[in-house]
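Visitor: Give the three-dimensional model of this entry:
(one chain, ligands or ions: 1)
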Amino acid sequence: MRIGFLQLRPRFGAVRENVRKAAALLDKMSDAIIVLPELFNTGYLFRNGAELAELAEKVPGGYTTAEMQKLAKRRRLTIVFGLAQKHKGAVYNAAVCATPAGKVEVYQKAHLFDREKLFFARGKALKVVPAGGAKLGLMICFDWIFPEAARSLALQGAQILCHPANLVLPYGQEAMRTRCIENRVFAITANRIGSEHRGTMDLTFTGGSQIVSPAGEVLASASDRSESLRVIDVDLAEANNKNITPNNDLFADRSPALYGALVRRRR
Ligand code: ACM
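Guide: This is a model prediction of the structure:
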């Protein structure tokens, strides 16, 4: 199975330019599962809710999803990409999965980072999507710091964590290796590069997109400097073997009766 990432440097607000650039790069390949960054079509640093609402799109029906659907069909790609989704009077930070058959599935980010809480509505469900011959667990950026998210996806059968990101903290990529080891799943983190300066706000994104194996090995990675498309072959069956030793199955050895604190809310 061929899986990969497209690391990009979006220009804030230039939706058509950002989408066209990504599509031109993806049009050179076929028959793969590819992950793009979080909010790859708009950029990240919204000044306020009005600016976000202006750039948000319907899924399906919006420009970005329609372009990705065409590309997925033409090149037989499963494409997971991040955008701001307009939905029932709210805006979500969403990951969309477009399949070669023309289907789209959406995950709305459950763990909002910093100022995202000012403008985005919080997603209320995790999502595993069968697509491209695999079970894809959808996560977005800051979801990485909640091991419960990756664990829930893995317990629901996810074989590959598809992780569009705009990582800014220095240890997200390293933490994703642990998410893979503790769940024995693959992960594709597609990050962005570059900086955004908007008014008094300033943010630099860390690049370092990567594909990680169920043993935590980094199978492919990008720098923090350049846009980059990487695709590799993996054996998906590796994600079905949950044995750490002949006597330890990661999921069978859990003791859920001890974990009640995980599902109680704390303030
Ligand atoms: C992030 O969740 N975009 C840091």
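Visitor: Does the residue in the stretch 151-267 of the chain positioned nearest to the ligand belong to a helix, a strand or coil?
Guide: Checking the stretch 151-267 of the chain residue by residue against the ligand with C-beta to the nearest ligand atom singles out residue 166 as nearest, at 4.0 Å. Any C-beta I mention is one placed from the backbone N, CA and C, and that applies to glycine too. With DSSP: H, G, I helix; E, B strand; the rest coil as the basis, residue 166 sits in coil.
Visitor: wait, what's in contact with it?
Guide: Residues near residue 166 by C-beta atoms under 8 Å, 6 or more residues apart in numbering: 37-39, 44, 82, 141, 191-192, 205.
Visitor: Mark which of these are part of strands, please.
Guide: Among these, the subset assigned to strands under DSSP state E consists of residue 82.
Visitor: hmm, who's touching stretch 142-157?
Guide: With contact meaning C-beta under 8 Å, 6+ apart, stretch 142-157 is reached by 109-113, 126, 128, 135, 137-139, 161, 163, 165, 172, 175-176, 178-179, 182-185, 189, 251, 262.
Visitor: do the same with stretch 258-267
Guide: Residues outside stretch 258-267 that contact it (C-beta under 8 Å, 6+ apart) are residue 148.
Visitor: Now do it: distance from first to last residue.
Guide: 21 Å (C-alpha to C-alpha, to the nearest Å).
Visitor: residues of it that come out buried?
Guide: Across stretch 258-267, burial judged by 16 or more other C-beta atoms under 10 Å covers no residue at all.
Visitor: distance between that stretch and the chain's centre?
Guide: Relative to the centre of its chain, stretch 258-267 is centred 26 Å away, using C-alpha atoms, centre = their mean, to the nearest Å.
Visitor: same thing with stretch 119-132?
Guide: With C-alpha atoms, centre = their mean, you get 10 Å for stretch 119-132.
Visitor: What of stretch 228-235?
Guide: From the chain centre to the centre of stretch 228-235 is a distance of 16 Å (C-alpha atoms, centre = their mean).
Visitor: Check stretch 214-223 too.
Guide: The chain centre lies 16 Å from the centre of stretch 214-223; the measure is C-alpha atoms, centre = their mean.
Visitor: just stretch 191-205 next, same as before
Guide: Computed by C-alpha atoms, centre = their mean, the chain-centroid distance of stretch 191-205 equals 19 Å.
Visitor: And the residue of the stretch 151-267 of the chain closest to the ligand, what's its pLDDT?
Guide: Looking at residue 166, its pLDDT reads 98.
Visitor: Equivalent analysis for the one 10 residues further on, please.
Guide: Per-residue pLDDT puts residue 176 at 98.
Visitor: Contact partners for it?
Guide: 144, 161, 163, 187, 189, 210, 212.
Visitor: now residue 198
Guide: Residues in contact with residue 198 (C-beta under 8 Å, 6+ apart) are 12, 45, 47.
Visitor: one more time with 10 Å
Guide: With contacts defined as C-beta atoms under 10 Å, 6 or more residues apart in numbering, the neighbours of residue 198 are 12-13, 43-47, 51.
Visitor: Quick check on those: which are buried?
Guide: Using 16+ other C-beta under 10 Å, the buried members of the contacts of residue 198 are 12, 43-46, 51.
Visitor: Now distance to residue 87 and pLDDT too, for those residues, in TSV please.
Guide: As requested, those are exported to TSV (distance: C-beta to C-beta, whole Å; pLDDT from 0 to 100):
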residue	distance to residue 87	pLDDT
12	22	98
43	20	98
44	19	98
45	22	97
46	17	97
51	18	97
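Visitor: ok, these vs the ligand, which is closest?
Guide: Closest approach between the buried ones among the contacts of residue 198 and the ligand, by C-beta to the nearest ligand atom: residue 44, at 6.7 Å.
Visitor: ok, the closest one touching residue 11?
Guide: No - with contact defined as C-beta atoms under 10 Å, residue 44 does not reach residue 11; the gap is 11.4 Å.
Visitor: in the stretch 1-150 of the chain, which spans are strands?
Guide: 2-7, 32-35, 77-87, 90-98, 104-108, 127-131, 134-138 (DSSP state E, counting those that start in this stretch).
Visitor: just the angle between the fifth one and strand 77-87, please?
Guide: Orientation note: strand 104-108 sits at an angle of 50 degrees relative to strand 77-87 (axes from the mean of the first three to the mean of the last three C-alpha atoms, to 10 degrees).
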